[in-house]
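Student: sequence and predicted structure below; questions after.
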Amino acid sequence: MERKKILIVDDEPEFVDMLKMRLESADYDVNTAADGVDGLKKAGDAKPDLIVLDVLMPRKDGYAFVKEAKQDSNLKDIPIIILTARPAMEDKFKKEGVNDYIMKPFEAQELLKRIEEILAG
């Protein structure tokens, strides 16, 4: 079976490396981007099965990323999981069509479980 592709869009390199290792060890094919501009480009090129997205990033934040992705016919159906330390944003993101929302800090196992649930449909 083909491995599922996940795109991580986050501007914290240590966090991205840790998350990438965890997801690859769970047999996912992982691509990364350090900001929303790069993330949208990579999402368009790589067509990931799911996007893990930070909110606070340079150049284009997570909220602007979601709004653009949901208006792009090639990206609008890709599930998005938001990772953030800001709880107040959840309703705003859910309204934009985000699939899940996880508060930092979180357990990697919890994220893996939610990824599996979303990808399983």
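Tutor: It's in.
Student: what packs against the helix or strand bottoming out on mean pLDDT in the chain?
Tutor: For the chain, the helix or strand with the lowest mean confidence is helix 90-95, at a mean of 78 (criterion: mean pLDDT, DSSP states H and E). Where contact means 3 or more C-beta pairs under 8 Å, 6 or more residues apart in numbering; DSSP states H and E, helix 90-95 is packed against helix 62-71, strand 100-103. C-beta: built from backbone N, CA, C; applies to glycine.
Student: buried deepest among those, which one?
Tutor: helix 62-71 (a mean of 19; mean count of other C-beta atoms under 10 Å).
Student: what average pLDDT does that helix get?
Tutor: For helix 62-71, mean pLDDT is 94.
Student: mean confidence for the helix or strand following it?
Tutor: Downstream of helix 62-71, the first helix or strand assigned by DSSP states H and E is strand 80-84. Taken as a whole, strand 80-84 has an average pLDDT of 92.
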